[in-house]
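> got a structure for you, letters missing:
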């Protein structure tokens, strides 16, 4: 069973209306401000890439770089029909 609604006083209505207006002003002011930075440009000093999910990944070390170069070289050879 639905509970009976209690009447709302004019004072409560006015207070709620003022709160809604204040929220609207706060939202309008927030939309005028620039968005906060999501990354710190000083955090990454070396070339940085993104992984498949779009997250930053650390630079490759020498071993990883050599492995990826070898994989690319082999793929290029396979596509050339060697």
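Now that the structure is in, tell me what you want to look at. Keep in mind that this is a model prediction, so the values were computed, not measured.

> For the protein, which segments count as strands?
Remark: strands assigned in the chain by DSSP state E are 49-50, 56-57.

> elements contacting the last one?
Pointing back at strand 56-57 there. strand 49-50 (3 or more C-beta pairs under 8 Å, 6 or more residues apart in numbering; DSSP states H and E). (C-beta placed from N, C-alpha, C; glycine too.)

> again, but for the first one
For strand 49-50, the packing partners by 3+ C-beta pairs under 8 Å, 6+ apart come out as strand 56-57.

> ok now the strand it packs on, how far from the chain's centre?
Between the centre of strand 56-57 and the centre of its chain there are 14 Å (C-alpha atoms, centre = their mean, to the nearest Å).

> Adjacent strands (with direction) for it?
strand 49-50 (antiparallel) (DSSP bridges).

> Quick one: mean pLDDT over the partner strand.
Per-residue pLDDT over strand 49-50 has a mean of 72.

> Is residue 56 in contact with residue 50, as I believe?
Yes: when contacts are counted by C-beta atoms under 8 Å, residue 56 is listed as touching residue 50 (6.4 Å).

> returning to what we had before: so which of the strands of the chain comes closest to residue 15?
Between residue 15 and the strands of the chain, the shortest gap by C-beta to C-beta is with strand 56-57, which sits at 46.6 Å.

> how about the helices of the protein, start to end?
Per DSSP state H, the chain carries helices over the ranges 10-32, 62-80.

> By mean pLDDT, show me the worst of those.
When I compare the helices of the chain, helix 62-80 is least confident, with a mean of 89.

> I'd like to check what contacts it. Which residues are they?
With C-beta atoms under 8 Å, 6 or more residues apart in numbering as the test, helix 62-80 has contacts from residue 60.
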